[in-house]
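K.L.:
Sequence below, structure please.
(one chain, ligands or ions: 1)
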Amino acid sequence: MSNILLIDDEKAIRKTLQEILTYEGFKVREAGDGEEGLKMFNEKTYDVVLCDIKMPKIDGIEFLTKANSINPDVPVIMISGHGTIETAVEAVKKGAFDYISKPPDLNRMLITIRNAMDKSTLSKEARVLKRKVNRVQEMIGESEAIMRIKETIDKVAPTDARVLITGENGAGKELVARWIHHKSPRSQMPMVEVNCAAIPSELIESELFGHEKGSFTSAIKQRIGKFEQANGGTLFLDEVGDMSLSAQAKVLRALQEGKITRVGGDKEIEVDVRVVTATNKDLLKEVEAKNFRLDLYHRLSVILIHVPSLNERRQDIPLLVNKFLTDIAEEYNQPLKVISDRAMDALIHHNWTGNIRELSNVVERLVILSGPTIMLEDVTHYVFAR
Ligand SMILES: Nc1ncnc2c1ncn2[C@@H]1O[C@H](COP(=O)(O)OP(=O)(O)OP(=O)(O)O)[C@@H](O)[C@H]1O
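P.N.:
Residues are numbered from 1 along each chain as shown. Prediction:
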């Protein structure tokens, strides 16, 4: 049932509104002035507040300002008496959801209340989503390797030092990069990611440095590249070992001089970018094979972080499994499933080829297909027998 806080110093109005709103299925609490209203607002979360403008002690406008600073998600509808319409309009400018006039037109009042509730649900959802997006996923693990990685992140994040992150596919390299950015003074600016393996070699330079209109056949518009987009923030070059030699030469120059030139352009553009890179290749071997420039390797690998595969830190598997179980239950809005010791043991001893993403998929599959407790048989059936 939706809760409404009704603040008005006129008892008769309160009584009428209370009756109507209760009849309409709302739960209504009343306050006789702004001060009492504010006290009640502080003690409980309401879905909507109806608040008179002209009241003794704290008036409607003051209530609105204070309520908005306490909980901006709760919409406040002003009730405007004769002669306070201008103030009501002012209140809407200050953040009130809307206003209704006294004596209230019943239909209009109910529609306004419903709209306010819809908006409040939407803005709450948007806020939760935003929080989720802004949050960097927790790095789970108590193995020595993970502890050491976290320590290194804490030390290097505040600096502008370039970091090269190595490890197998899905070992968690990107997550390390996200934490470096998140804990750095650049965290308010973007972290721009480029997967160098996913971009055809003839396009990588334009992707990184942008291009001027007409610089090549498909360049119909001027476009800024990832270096410029990341200005002030962090550029994360994933799979850097797959970058073409000519792009490597340009990246090297950008790092040495802090300047880039768009493809087809001649203007030098200054960029302030911290570069973090990752690869699943052995870059020194690539250097030997003449696929990667040694001078660039040195520039990129000031700090090296190796993320070991899951097989090399099996003691983290139970923590990860439990984390995934919780996340999945939350996502599906279902009760949390548990896993038997023998099933967990089987997962610990499985050969994971370094991939946390694979473990997360497996847990999701088990949650969907198993009963309330995930048993060894489930693991044998749904994981190993596939
Ligand atoms: N320590 C960890 N705790 C929790 N989740 C993790 C951890 N490490 C990685 N993950 C999750 O596992 C998935 C794979 O990680 P990530 O993308 O960072 O790996 P990667 O090494 O960059 O992979 P790729 O080489 O395929 O780009 C992601 O969903 C990530 O959030």
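K.L.:
Up against the ligand, what does this protein have?
P.N.:
Residues of the chain found near the ligand (C-beta under 6 Å from any ligand atom) are 137, 139-141, 167, 169-175, 238, 280, 320, 356-357. From N, CA and C alone the C-beta is placed, and that goes for glycine too.
K.L.:
now with 5 Å?
P.N.:
Within the chain, the positions near the ligand by C-beta under 5 Å from any ligand atom are 137, 139-141, 169-175, 356-357.
K.L.:
residue ranges for the strands of the stretch 1-150 of the chain, please.
P.N.:
3-7, 27-31, 48-52, 76-80, 98-101 (DSSP state E, counting those that start in this stretch).
K.L.:
Redo the ones you listed as CSV? Include mean neighbour count and mean pLDDT.
P.N.:
Below are the strands of the stretch 1-150 of the chain laid out as CSV (neighbours: other C-beta atoms under 10 Å; pLDDT from 0 to 100):
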stretch, mean neighbour count, mean pLDDT
strand 3-7, 23, 95
strand 27-31, 18, 95
strand 48-52, 26, 95
strand 76-80, 25, 93
strand 98-101, 20, 91
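K.L.:
Just tell me which of those ends up closest to Ile303.
P.N.:
The closest approach between Ile303 and any of the strands of the stretch 1-150 of the chain, judged by C-beta to C-beta, belongs to strand 76-80 at 51.2 Å.
K.L.:
could you dump the strands of the stretch 1-150 of the chain to a markdown table with distance to Ala230?
P.N.:
A markdown table is the format used below for these (distance: least, C-beta to C-beta, whole Å):
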| stretch | distance to Ala230 |
| --- | --- |
| strand 3-7 | 46 |
| strand 27-31 | 51 |
| strand 48-52 | 43 |
| strand 76-80 | 41 |
| strand 98-101 | 42 |
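K.L.:
circling back: derive a PyMOL selection command for the buried subset of the residues of the chain next to the ligand.
P.N.:
Restricted to buried positions by 16 or more other C-beta atoms under 10 Å, the PyMOL selection for those reads:
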select buried, resi 140+141+170+171+172+173+174+175+356
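K.L.:
List just the nearest of the residues of the chain next to the ligand to Arg162.
P.N.:
Using C-beta to C-beta, the residues of the chain next to the ligand come closest to Arg162 at Lys173, 14.6 Å.
K.L.:
quick one, domains of the protein?
P.N.:
Domain assignment for the chain by automatic domain parsing gives 3-134, 144-306, 310-384.
K.L.:
re earlier: so which of the residues of the chain next to the ligand sit within helices?
P.N.:
Those of those mapping onto helices are 173-175, 356-357, per DSSP state H.
K.L.:
Give me the buried positions along the strand or helix carrying Gln256.
P.N.:
Assigned by DSSP states H and E, Gln256 belongs to helix 245-257. Under the neighbour-count criterion of 16+ other C-beta under 10 Å, helix 245-257 has 247-248, 250-252, 254 buried.
K.L.:
Switch those residues over to a markdown table; also include pLDDT.
P.N.:
Shown next, in a markdown table, are those (pLDDT from 0 to 100):
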| residue | pLDDT |
| --- | --- |
| Ala247 | 90 |
| Gln248 | 94 |
| Lys250 | 90 |
| Val251 | 94 |
| Leu252 | 95 |
| Ala254 | 92 |
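K.L.:
Looking at these, spot the one nearest Val287.
P.N.:
Gln248 (10.9 Å).
K.L.:
Would you mind measuring from the closest one to Arg108?
P.N.:
66 Å (C-beta to C-beta, to the nearest Å).
K.L.:
Quick one: the helices in the stretch 201-350 of the chain, in order.
P.N.:
Assigned helices in the stretch 201-350 of the chain, in chain order: 201-209, 226-229, 245-257, 283-288, 294-300, 317-332, 341-349 (criterion: DSSP state H, counting those that start in this stretch).
K.L.:
Endpoints of stretch 287-304, how far apart?
P.N.:
Counting by C-alpha to C-alpha, to the nearest Å, you get 16 Å between the two ends of stretch 287-304.
K.L.:
tell me which residues in it are buried?
P.N.:
For stretch 287-304, by 16+ other C-beta under 10 Å, it's 287, 291-293, 296-297, 299-301, 303.
K.L.:
Not counting it itself, show me its contacts.
P.N.:
Applying C-beta atoms under 8 Å, 6 or more residues apart in numbering, the contact partners of stretch 287-304 are 152, 156, 161-164, 166, 240-241, 245, 248-249, 251-252, 255-256, 275, 277, 283-284, 286.
K.L.:
hmm, 7 Å instead?
P.N.:
With C-beta atoms under 7 Å, 6 or more residues apart in numbering as the test, stretch 287-304 has contacts from 156, 161-164, 166, 240-241, 248, 251-252, 255, 275, 277, 283, 286.
K.L.:
Now flag whichever of these is closest to Thr261.
P.N.:
For the contacts of stretch 287-304, the nearest to Thr261 is Val251 (12.3 Å; C-beta to C-beta).
K.L.:
ok, now which ones touch that closest one?
P.N.:
With C-beta under 7 Å, 6+ apart, Val251 has these contacts: 208, 296.
K.L.:
any idea how far it is from Ala343?
P.N.:
Per C-beta to C-beta, Val251 is found 47 Å from Ala343.
K.L.:
Ile317 - nearest residue in space that isn't next to it in sequence?
P.N.:
Ile348 (4.8 Å; C-beta to C-beta, 6 or more residues apart in numbering).
K.L.:
Contact partners for the one you found?
P.N.:
When contacts are taken as C-beta under 7 Å, 6+ apart, Ile348 is in contact with 314, 317-318.
K.L.:
Save the residues you listed as JSON lines, and put in pLDDT too.
P.N.:
JSON lines is the format used below for those (pLDDT from 0 to 100):
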{"residue": "Arg314", "pLDDT": "93"}
{"residue": "Ile317", "pLDDT": "95"}
{"residue": "Pro318", "pLDDT": "96"}
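K.L.:
one step back: can you tell me which of the ones in helices among the residues of the chain next to the ligand is nearest Ile4?
P.N.:
Leu175 (44.3 Å).
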